[in-house]
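Participant: Quick one: sequence plus predicted model below, questions after.
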Amino acid sequence: MNSIEARVVLPKEADPLERYRRYYYRKGGKIFGLYVAGEKPGRQWIARREDAPGIFDGGCSVVNVSFDVRLSKIDAFCNGLA
């Protein structure tokens with residue numbers, strides 16, 4: 001988490017990192033993050049995506065992060081809007 005959060009560049013429309021509840025989980029060779037604004041800020045590891053809140057829109061109040069461990073590449077994008 002520390003390594004990802006030190007390097008991630010959030011979309012310009014997003015809030016500062018510290019305002020999000022940050023959920024992380026591993027799947028294959030990647031680590032994924034789901035950052036949710038409006039919840040108590042903090043971070044935690046979860047076992048799988050289904051253990052995080054199910055949010056399908058929300059714009060930049062929900063940021064999706066992926067970290068490819070092999071390539072050491074991080075991507076971040078906002079959810080869509082309904």
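Facilitator: Right, received. Where do you want to start? Residues are numbered from 1 along each chain as shown.

Participant: Please enumerate the helices of this protein.
Facilitator: Here the chain has its helices, by DSSP state H, at 2-7.

Participant: So what's the residue count around Gly42?
Facilitator: 10 (other Cβ atoms under 10 Å). Quick note: C-beta positions are derived from backbone N, CA and C, even for glycine.

Participant: How about the contacts made by the closest residue to Arg22 other than its chain neighbours?
Facilitator: Distance criterion Cβ to Cβ, 6 or more residues apart in numbering; nearest residue to Arg22, sequence neighbours excluded, is Arg43 at 3.9 Å. Neighbouring residues of Arg43 by Cβ atoms under 8 Å, 6 or more residues apart in numbering: Met1, Glu5, Arg21, Arg22, Tyr23, Tyr24.

Participant: neighbours around Arg70, how many?
Facilitator: Arg70, neighbours per other Cβ under 10 Å, totals 8.

Participant: tell me the contacts of it?
Facilitator: Neighbour list for Arg70: Gly29 [criterion: Cβ under 8 Å, 6+ apart].

Participant: my guess is Ile4 contacts Val69, does it?
Facilitator: No - Ile4 lies out of contact with Val69 (Cβ atoms under 8 Å); the separation is 10.2 Å.

Participant: who touches both of the two?
Facilitator: With Cβ under 8 Å, 6+ apart, Ile4 and Val69 have common neighbours Ile31.

Participant: hmm, which of the contacts of Arg43 are the buried ones?
Facilitator: For the contacts of Arg43, a burial check counting by 16 or more other Cβ atoms under 10 Å picks out Glu5, Arg21, Arg22, Tyr23, Tyr24.

Participant: Can you add distance to Val65 and pLDDT and give the residues you listed back as CSV?
Facilitator: Output for the buried ones among the contacts of Arg43, formatted as CSV (distance: Cβ to Cβ, whole Å; pLDDT from 0 to 100):
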residue, distance to Val65, pLDDT
Glu5, 9, 96
Arg21, 13, 97
Arg22, 8, 97
Tyr23, 10, 96
Tyr24, 8, 97
